[in-house]
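>>> quick check, what structure comes out for this input:
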Amino acid sequence: MAGHEIPEPADRKQVTDPRSDPQAVEETRHSCDPAFRHGVVVGFDGSTSSERALAYAIGMARRSGSGLIIVHVANRLPTTVWAGCEPPVFVDVPDHRTEVLGLELACADYLSEVPWVLVERGGDICHELEEVGREYSADAIVVGSTHGIVGRIFGSVAGRLARRAQRPVVVIP
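So this is what the prediction gives:
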């Protein structure tokens, strides 16, 4: 019925249009650039293994016409601070390696073929790669294999990620 108003109940909460409130617009936005949705996530730390994974991921992103999400999980060096009788406090000290990697990647000619973004995270490598993959709805996660005694003792990142990931994982030797 045109022109007929139905009174609102007294206990009903007012719902605002999210476009009229800038803060609500910020909350409804995704935390990542939509241009990289369904892209390829690659773990990168500057090692030879991760460089091979990056090369493969570039080709994969180029063939699929998607973006490349390069993830560097920064080393956090736990530092114990003892304050008298208080229990120890652990402080994260960033390693600043991401800035160096970002500059190297920005100057790299081979990345001119695909759109890419560098994402820095801190924490468990497997968890962070999977989390970035989830945030960007990635089609795949590409990682390099671990060669060394540490990987044999504690399990490689690639192996742990392949067992728990919710999306395809490509491990490059």
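
>>> list the buried residues for stretch 163-173?
A165, V169, V170, V171, I172 (16 or more other Cβ atoms under 10 Å). From N, CA and C alone the C-beta is placed, and that goes for glycine too.

>>> distance check, E128 against G43.
Between E128 and G43 the computed distance is 9 Å (Cβ to Cβ, to the nearest Å).

>>> between the two, which contacts overlap?
Taking Cβ atoms under 8 Å, 6 or more residues apart in numbering as the contact rule, the neighbours common to E128 and G43 are V71, V73.

>>> mind checking which of those two has more residues around it?
A count of neighbours by other Cβ atoms under 10 Å puts G43 above the other of E128 and G43, at 26 against 19.

>>> which residues does that one bridge with?
With DSSP bridges as the criterion, the beta-bridge partners of G43 are V71.

>>> isn't it right next to R160, touching?
No. With contacts counted by Cβ atoms under 8 Å, G43 stays clear of R160, the gap being 11.9 Å.

>>> tell me who's in contact with R62.
Residues counted as contacts of R62 (Cβ under 8 Å, 6+ apart) are E113, V114.

>>> quick one: it is in a helix?
Yes. Secondary structure of R62, determined by DSSP: H, G, I helix; E, B strand; the rest coil: located in a helix.

>>> hey, C-alpha coordinates of stretch 123-134 in CSV?
Taking only C-alpha atoms (Å, rounded to 0.1, in the frame of the first residue of the first chain), the coordinates of stretch 123-134 have been written out as CSV:
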residue,chain,number,x,y,z
GLY,A,123,53.9,-16.7,14.0
ASP,A,124,53.7,-20.3,12.9
ILE,A,125,54.6,-20.6,9.2
CYS,A,126,52.0,-23.3,8.4
HIS,A,127,49.2,-21.5,10.2
GLU,A,128,50.0,-18.1,8.7
LEU,A,129,50.2,-19.5,5.1
GLU,A,130,46.9,-21.2,5.5
GLU,A,131,45.3,-18.1,7.1
VAL,A,132,46.5,-15.9,4.2
GLY,A,133,45.2,-18.5,1.8
ARG,A,134,41.8,-18.4,3.5
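
>>> please, where are all the helices along this protein?
Under the criterion DSSP state H, the chain contains helices at 22-28, 48-64, 97-106, 125-135, 149-154, 157-164.

>>> per-residue confidence at E5?
The score at E5 is 45. That number is its pLDDT.

>>> check the one 10 residues further on too.
Each residue has a pLDDT score; the one for V15 is 46.

>>> between the buried residues of stretch 163-173, which is nearest T146?
V171 (9.5 Å; Cβ to Cβ).

>>> excluding covalently adjacent residues, which one is nearest to the closest one?
In this structure, V171 finds its nearest non-sequential neighbour in A158, 4.3 Å apart by Cβ to Cβ, 6 or more residues apart in numbering.

>>> please consider this matter closed, and thank you.
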